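Trainee: Here is the input, now give the coordinates:
(chains A and B)
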Protein chains: 2
Amino acid sequence: MSLYTAGILIIGDEILSGRTQDTNANFIAKNLTSSGIKLEEIRIIQDEKKIIIDSVKFFSENYSYVFTTGGIGPTHDDITSESVAEAFNKKYDTNTEAYNILKKYYPKGEFNTSRQKMAKMPSDIELIYNTMTAAPGFKIDNVFVLPGVPSIMKKMLKDVLLKLNRGIAKKITTINTDLFESKIAPYLNDIQNHFTDCSIGSYPYFNFLSKKGGVNIVISSWKMNSLDEIEKEIIKMIKFNGGNYSIV
Amino acid sequence: MSLYTAGILIIGDEILSGRTQDTNANFIAKNLTSSGIKLEEIRIIQDEKKIIIDSVKFFSENYSYVFTTGGIGPTHDDITSESVAEAFNKKYDTNTEAYNILKKYYPKGEFNTSRQKMAKMPSDIELIYNTMTAAPGFKIDNVFVLPGVPSIMKKMLKDVLLKLNRGIAKKITTINTDLFESKIAPYLNDIQNHFTDCSIGSYPYFNFLSKKGGVNIVISSWKMNSLDEIEKEIIKMIKFNGGNYSIV
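Mentor: Residues are numbered from 1 along each chain as shown, chains lettered A, B, ... in the order given. Have a look, this model is predicted:
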């Protein structure tokens, strides 16, 4: 089977200014990993039409799936939909189904021009329904266009995930040890060189108050059926160096 | 005066797998904004040499300042320093000053090969000192290479910021209103069209429990000396629509 890859485009000046801490990328990342899809890149970009167009094109060509968040609301700074239309050389116009969903959702007389803007999309899309606030996202080619508000995005992503081709889920095991990273580094290096189909990551932490620290050793693989053998090697190595370990 | 721009490269598979929520980018972003430096892009990339090299080159050519975090520790998966060396066609070798700092820091007999690796850097760099755990980062050309551990990175960034050319700080005002975004969108659009030297962002929120929501309207500008006039226009508009407002 082939390996499915993904890229995420976070569109929003409010993230770049530091005003908002993005949490959407992490949520999507976790869900992709558990779906067996390898997230290869996240870009956080400005609300600028040319930048959005170029990034969408590049991501669409390079990754199996692309997720964008942000910029599909009713205001003047919401330019994702028209930019995506341009990236795919599609007309940007009112989508009748989206229009009807929104018209039904708003009380009579309140479906104004700005709200109608949320029904404008590229032609030839597939709607992604929004059971919380009605305004839909959409899928065009391999690109999923989602809103920026985390609670709404998260709900919509769950439905999107059901539509994706899932890979073999990534195997992951985390082993914690109280040894210092620099102590075990040469051994980990040898183990990594021996097992080339997996990736061994080493994440040290240190609490400056308790003066206690250690390392989380994360073994992961998209290719291997079992990580047991590597796990055993690492535990043997920790014991050899006089450390304690636990499987996290 | 010229406008200084920046890009951030977060290097780390653990962010892309969703295992870790990155907070470094947001911390750097806030500090850049308050230093009058415009952050234009954040990329989160894989621990892959070619990708790091290409990204560092692209960012260095396109932004006034570049910040990288992650990948400068003692293990086999720490490949940022050698990749940055290659991006700038520099030799990757032991930096004597860094070597001596680390040698002094570790107890006798514990400055092993892995720890010595942390002294290996491109030639012709300037060290960025680390008062917490000794292992320094470095500056090469317009690129600042920092560690991934947030507490250490944050401490080192404070010193880095003192070395940067600061721009005129971005002017920012946030006005909160209880009106719905789609209600005020056409008015905001008109105000934005009238004041082209500033950017008006509109960030709706909605609490699904209390059923209360509203919008934060963020006026910001790198060019204008005062946002008073725009602020007045927006408040007038909120009142006209029967809403309440507060300056956040």
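
Trainee: So what touches the helix or strand of chain A with the lowest mean pLDDT?
Mentor: Ranked by mean pLDDT, DSSP states H and E, the weakest helix or strand in chain A is strand A:199-207, scoring a mean of 85. If you take Cβ atoms under 8 Å, 6 or more residues apart in numbering or on different chains as the criterion, strand A:199-207 is touched by A:180-181, A:184-185, A:188, A:191-192, A:212-221, A:230, A:234, B:13-14, B:20, B:47, B:73, B:75-77, B:133, B:149. Just so you know, the C-beta spots here come from the backbone N, C-alpha and C atoms, and that holds for glycine as well.

Trainee: Counting only helices, which of those residues make the cut?
Mentor: Among the contacts of strand A:199-207, DSSP state H puts A:181, A:184-185, A:188, A:191-192, A:230, A:234, B:13-14 in helices.

Trainee: Drop anything exposed from the contacts of strand A:199-207.
Mentor: A:180-181, A:184-185, A:188, A:191-192, A:214-221, A:230, A:234, B:13-14, B:20, B:47, B:73, B:75-77, B:133, B:149 (16 or more other Cβ atoms under 10 Å in any protein chain shown).

Trainee: Strands along chain A, start to end?
Mentor: For chain A, the strands defined by DSSP state E cover A:4-11, A:37-45, A:65-69, A:92-94, A:120-122, A:126-130, A:134-140, A:143-146, A:171-177, A:199-207, A:212-221, A:245-247.

Trainee: Name the stretch among those strands that sits most buried.
Mentor: Greatest average neighbour count among those goes to strand A:65-69 (a mean of 27), per mean count of other Cβ atoms under 10 Å in any protein chain shown.

Trainee: partners of it in the sheet?
Mentor: strand A:4-11 (parallel), strand A:143-146 (parallel) (DSSP bridges).

Trainee: Tell me which of these sits nearest to residue A:57.
Mentor: Closest to residue A:57 of the strands paired with strand A:65-69 is strand A:143-146 (Cβ to Cβ; 9.8 Å).

Trainee: Stretch A:215-227: end-to-end distance?
Mentor: Length of stretch A:215-227, first residue to last, Cα to Cα, to the nearest Å: 19 Å.

Trainee: likewise stretch A:107-120?
Mentor: For stretch A:107-120, the end-to-end distance is 20 Å (Cα to Cα).

Trainee: Let me know which of the strands of chain A is the nearest to residue A:109.
Mentor: Between these, strand A:134-140 lies closest to residue A:109; by Cβ to Cβ that is 16.4 Å.

Trainee: got the domain boundaries for chain A?
Mentor: A:4-163, A:171-247 (automatic domain parsing).

Trainee: Any idea which of these has the lowest pLDDT on average?
Mentor: If these are sorted by mean pLDDT, domain A:171-247 sits at the bottom with a mean of 89.

Trainee: That domain: how far from the chain's middle?
Mentor: Taking Cα atoms, centre = their mean, to the nearest Å, one finds domain A:171-247 lying 25 Å from the centre of the chain it belongs to.

Trainee: tell me how far the ends of it are from each other?
Mentor: 14 Å.

Trainee: go on, stretch A:61-79?
Mentor: 21 Å.

Trainee: Quick check: residue A:53 touching residue A:86?
Mentor: Yes: contact criterion Cβ atoms under 8 Å: residue A:53 and residue A:86 qualify, at 5.3 Å.

Trainee: If you drop the residues flanking it in sequence, what lies closest to residue A:198?
Mentor: For residue A:198, ignoring the flanking residues on the chain, the nearest one in space by Cβ to Cβ, 6 or more residues apart in numbering or on different chains is residue A:221 at 3.8 Å.

Trainee: What's the separation between the one you found and residue A:195?
Mentor: 8 Å (Cβ to Cβ, to the nearest Å).

Trainee: Please list all residues in contact with residue A:64.
Mentor: A:4-6, A:37, A:142, A:165.

Trainee: Tell me the one among the residues you listed nearest to chain B.
Mentor: residue A:6 (9.4 Å; Cβ to the nearest Cβ).

Trainee: Next one: the nearest residue in space to residue A:155 that is not next to it in sequence from residue A:149, what distance?
Mentor: Spatially, and ignoring its direct neighbours in sequence, residue A:155 is nearest to residue A:132 (5.8 Å; Cβ to Cβ, 6+ apart). Residue A:132 sits 9 Å away from residue A:149, going by Cβ to Cβ.

Trainee: What of residue A:248?
Mentor: From residue A:248 to residue A:149 the distance is 32 Å (Cβ to Cβ).

Trainee: what does residue A:129 give?
Mentor: 15 Å.

Trainee: Next: residue A:128.
Mentor: With Cβ to Cβ as the criterion, residue A:128 and residue A:149 are 14 Å apart.

Trainee: With residue A:25 instead?
Mentor: According to Cβ to Cβ, residue A:25 stands 14 Å off from residue A:149.

Trainee: With residue A:113 instead?
Mentor: 21 Å.

Trainee: Residue A:167 now?
Mentor: 29 Å.

Trainee: just residue A:233 next, same as before
Mentor: For residue A:233 relative to residue A:149 (Cβ to Cβ), the value is 46 Å.

Trainee: Ok, residue A:65 next?
Mentor: Taking Cβ to Cβ, one finds residue A:65 at 21 Å from residue A:149.

Trainee: if I pick residue A:51, what's in contact with it?
Mentor: residue A:45.

Trainee: Tell me how far it lies from residue B:27.
Mentor: On the measure of Cβ to Cβ, residue A:51 and residue B:27 end up 23 Å apart.

Trainee: do the same with residue A:25
Mentor: Distance from residue A:25 to residue B:27, by Cβ to Cβ: 16 Å.

Trainee: Between the two, which is the more surrounded one?
Mentor: residue A:25 (26 against 17; other Cβ atoms under 10 Å in any protein chain shown).

Trainee: Hmm, residue A:7 and that one touching each other?
Mentor: No: with contact defined as Cβ under 8 Å, residue A:25 does not reach residue A:7; the gap is 10.6 Å.

Trainee: between these two, what contacts are shared?
Mentor: residue A:42.

Trainee: Leaving out the residues flanking it, which one is nearest to residue A:130?
Mentor: residue A:136 (5.3 Å).

Trainee: my read: that neighbour touches residue A:98, true?
Mentor: Yes: the pair residue A:136 / residue A:98 is scored as a contact, 5.2 Å apart, by Cβ under 8 Å.
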